[in-house]
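> Kindly generate the corresponding structure for this input.
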Amino acid sequence: MINVLQLRSSFDPGGTETTLLNLFNYPQQYFRIHFVLLRDGSLIDQLDESSGNRYYRWFRKRFLDLGVLRRMHRLIREEQISIIHTHQFIELLYAVCLKALRPRLKIVYHNHILFPSKDWSFYLEKYLSHYFSRTITVSQAAKDELVHQYGFSEKKISVLYNAVRFGRNGQTPAAGLQEKLDPSRFHIVMVANFVWGKDHETIFRAYDAHIREQLPEVCFHFIGRKSEISERLVNEYLTDDDLESGRVVLWGAIPNAKSLLPNFDLVVMSCFSETFNQALVEAACMGLPILASDIPVFRELSEEGRYFAHFQTGKADDLFQRLKEQVAHPQKEAAQRYAPLFREKFSFDKLVEEHYELYISELHDRQEDKRAAVKG
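Take a look at the predicted model:
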């Protein structure tokens, strides 16, 4: 069995964290995960070692913690770890340091988010990933942008979609929100932290300009970590009555938010930069109607609008028009018809097999390098 060192510098609710949590807990016989957590996080207690994987709370006390590096180096030696799988710049930096100590290690760098700016960290991350690792991203659209907009090497990037895990028949329990929602209203939800790349503002602008008065039955619910962005949007676009009446509700971050999605009439996903989107795919797998920005990755996931509808990115007026259509003619039957296709495409069985094939490929390359060195 292949032993893999997974590094994670944050572990609070989010799309990447949910995928890593479910992958760790998923029973499989292809590879064993040794999961080193460099920071505390609210999802850690949900990690289950019964599947044979192991996790370690080795929280770093400084940017580059030599004590943590020594512990990881010892773990690599004792468990015969051959691959390090990273997901963020700081994790990649630790992996490169470990590779300097053990050159035969292979590094997989998993890129989940595009870069807000081309600063020094971008250029360092690009350099390290190019010379020391195999880069993975989570959609063809993300790969295209990394190659054409950011100058990454096309030959060194592979596409590996995220996956969604459900109970039997692809369903999750519709946990505990229904009694809080007025059944006479049309409830719309967006699951996303208030961070760069997510475009909550277009929804707020559409609500303020049109929806508050023209669609009085519509209520918006935002599930995701609040920030200075959410504070600014509330102050700029909402009234006290909007919040007190429940027309707009900011729930904050909720673990396992997908279990709440069936309580809503429509899932909206508004972004201007994205590589995948876990919540959107979870909603599609459940057979829920979706309205999403028309950015490349969402068009890829919908197969150019076949599986769910789009609005023009950043255009509040167009969002309002598309919402009116969805409220008047909900697309529940079509969404439920396409759900099995999404569950098959984004299954964890498929994700595990693709991880295994990637690891085998990297180890095969190492053997080829070794043979070439012997011949030389």
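
> for the residue lying closest to residue 360 once chain neighbours are set aside, what are its contacts?
In space, and not counting its chain neighbours, residue 360 is closest to residue 2: 7.6 Å by Cβ to Cβ, 6 or more residues apart in numbering. Every residue, glycine included, has its C-beta placed from N, CA and C. By Cβ atoms under 8 Å, 6 or more residues apart in numbering, the residues touching residue 2 are 30-32, 82-83, 356, 359-360, 363.

> between those, which is nearest residue 137?
residue 359 (16.8 Å; Cβ to Cβ).

> Surely the closest one is in contact with residue 31?
Yes - with contacts counted by Cβ atoms under 8 Å, residue 359 reaches residue 31, the gap being 6.0 Å.

> Any chance you could list residues touching both of those two?
Joint contacts of residue 359 and residue 31 (Cβ under 8 Å, 6+ apart) are 2, 4.

> so what's the residue nearest to residue 360 bridging to?
Judged by DSSP bridges, the bridge partners of residue 2 are residue 31.

> That one and residue 268, how far apart?
40 Å (Cβ to Cβ, to the nearest Å).

> the strands in the stretch 1-150 of the chain, which residues?
2-8, 31-37, 54-57, 83-86, 106-111, 134-137 (DSSP state E, counting those that start in this stretch).

> Of those, which stretch is the most buried?
For the strands of the stretch 1-150 of the chain, average neighbour numbers computed from mean count of other Cβ atoms under 10 Å are highest in strand 83-86, which has a mean of 26.

> residues in contact with that strand?
Counting by Cβ under 8 Å, 6+ apart, 2-7, 92, 94-95, 98-99, 105-110, 133, 359, 362-363 sit against strand 83-86.

> what about stretch 10-21, average pLDDT?
Averaging pLDDT along stretch 10-21 gives 88.

> again with stretch 156-165
Stretch 156-165 comes out at a mean pLDDT of 90.

> same question, stretch 322-339
Mean predicted confidence for stretch 322-339 is 95.

> Which positions in that stretch come out as buried?
Within stretch 322-339, the residues scored as buried using 16 or more other Cβ atoms under 10 Å are 322-323, 326-327, 331, 335, 338-339.

> For the chain, give me the ranges with low pLDDT.
Within the chain, the stretches with pLDDT under 70 are 167-179, 365-376.

> how about the strands of the stretch 1-150 of the chain in a markdown table, adding distance to residue 317?
Shown next, in a markdown table, are those (distance: least, Cβ to Cβ, whole Å):
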| stretch | distance to residue 317 |
| --- | --- |
| strand 2-8 | 41 |
| strand 31-37 | 45 |
| strand 54-57 | 48 |
| strand 83-86 | 42 |
| strand 106-111 | 34 |
| strand 134-137 | 32 |
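
> Which single one of the buried residues of stretch 322-339 is nearest to residue 17?
Nearest to residue 17 among the buried residues of stretch 322-339 is residue 339, at 24.0 Å by Cβ to Cβ.

> Spatially nearest residue to that closest one (excluding sequence neighbours)?
residue 287 (3.6 Å).

> Just list the residues touching the one you found, thanks.
Residue 287 sits in contact with 332, 335-339, where contact means Cβ under 8 Å, 6+ apart.

> What of residue 102?
Residue 102 sits next to 73, 76-77 when contact means Cβ under 8 Å, 6+ apart.

> one more time with 7 Å, if that's ok
residue 76 (Cβ atoms under 7 Å, 6 or more residues apart in numbering).

> now swap in residue 292 and tell me
With Cβ under 7 Å, 6+ apart, residue 292 has these contacts: 269, 280, 298, 308, 310.

> In PyMOL, select just the buried ones from those residues.
Restricted to buried positions by 16+ other Cβ under 10 Å, the PyMOL selection for those reads:
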select buried, resi 269+280+298+308+310
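
> Which two among the contacts of residue 292 are spaced furthest apart?
Spatially, the most separated pair among the contacts of residue 292 is 280 and 310, at 11.5 Å (Cβ to Cβ).

> before we move on, could you check phi and psi at the closest residue to residue 114 other than its chain neighbours?
Of all residues not flanking residue 114 in the chain, residue 273 sits nearest, at 5.2 Å (Cβ to Cβ, 6+ apart). Main-chain torsions, residue 273, degrees, to the nearest 10: phi -150, psi 130.

> tally of neighbours for residue 273?
A count of nearby residues for residue 273, using other Cβ atoms under 10 Å, gives 18.

> Fine by me, thanks again.
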